[in-house]
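Asks: Sequence and predicted structure, then a few things I'm wondering about:
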Amino acid sequence: MNYYIGTKLVQAEPCKAQKDMGNHKIGDDGYQIIYPDGYVSWSPKDVFEATYMQVTPNSRLKTDKPSISQQMVDAFIRETQVQTMGEKTTVVRAVLANGFEIVESSSCVSAENYDEALGAEICMEHIKNKVWMMLGFLLQTAVHGIDLG
């Protein structure tokens, strides 16, 4: 048996369970999900929210097609730690919503000019650019699938 990884872009809206299903009872919170092929299902709230990230529109674009927004990038960064190493280097570790970690560093030429806040700002810009790229990759896969042919 082989393992597979995949993503889908689905439409969903919060709704209550309409019938008893396993451990879930009528009235439990969940989501109605509509898949690209039209198949409709129901998912428990906690399962759905652990599997899918809401795509929020990027108001700076000219289209309403699915896109990545600054709000999504910011929400995907769950935790950051800033540390000064030596006399002129800032290191920032960011933990993302899926547990993936990104580490960036910045340094200045002379210790007299060192400012940890400025170093952290530079590192966060690099981290956010990487998150934009990774979420863009994820959305591209969800919208268009994978063609290895």
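Replies: Sure thing, it's come through.
Asks: just for the protein, where's the confidence low?
Replies: Along the chain, no part satisfies pLDDT under 70.
Asks: how about the helices of it, start to end?
Replies: Counting by DSSP state H, the chain has helices at residues 45-51, 70-76, 116-144.
Asks: Between those helices, which one is closest to Val92.
Replies: Taking C-beta to C-beta, helix 116-144 is the member of those nearest to Val92, at 3.7 Å. Every residue, glycine included, has its C-beta placed from N, CA and C.
Asks: just checking, what packs against the closest one?
Replies: helix 70-76, strand 77-85, strand 89-96, strand 101-107 (3 or more C-beta pairs under 8 Å, 6 or more residues apart in numbering; DSSP states H and E).
Asks: Send me stretch 24-33 as PDB with only the CA atoms.
Replies: Extracted C-alpha coordinates of stretch 24-33, given in PDB (Å, rounded to 0.1, in the frame of the first residue of the first chain):
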ATOM      1  CA  HIS A  24     -21.900  12.800  16.000                       C
ATOM      2  CA  LYS A  25     -25.500  13.500  16.800                       C
ATOM      3  CA  ILE A  26     -28.300  15.600  15.200                       C
ATOM      4  CA  GLY A  27     -27.500  19.300  15.800                       C
ATOM      5  CA  ASP A  28     -23.700  18.900  16.200                       C
ATOM      6  CA  ASP A  29     -21.700  21.700  14.700                       C
ATOM      7  CA  GLY A  30     -20.000  21.000  11.400                       C
ATOM      8  CA  TYR A  31     -19.700  22.000   7.800                       C
ATOM      9  CA  GLN A  32     -21.500  21.100   4.600                       C
ATOM     10  CA  ILE A  33     -18.800  20.500   2.000                       C
END
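Asks: contacting residues around it?
Replies: 10-20, 40-45, 48 (C-beta atoms under 8 Å, 6 or more residues apart in numbering).
Asks: which parts of it are buried?
Replies: His24, Gly30, Tyr31, Gln32, Ile33 (16 or more other C-beta atoms under 10 Å).
Asks: quick one: the last one and Phe76, what's the gap?
Replies: Look at Ile33 and Phe76: by C-beta to C-beta, to the nearest Å, they are 21 Å apart.
Asks: ok, now the third one?
Replies: Between Tyr31 and Phe76 the distance is 20 Å, computed by C-beta to C-beta.
Asks: any chance of the buried residues of stretch 24-33 in JSON lines, plus distance to Met85?
Replies: Output for the buried residues of stretch 24-33, formatted as JSON lines (distance: C-beta to C-beta, whole Å):
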{"residue": "His24", "distance to Met85": "50"}
{"residue": "Gly30", "distance to Met85": "47"}
{"residue": "Tyr31", "distance to Met85": "44"}
{"residue": "Gln32", "distance to Met85": "50"}
{"residue": "Ile33", "distance to Met85": "46"}
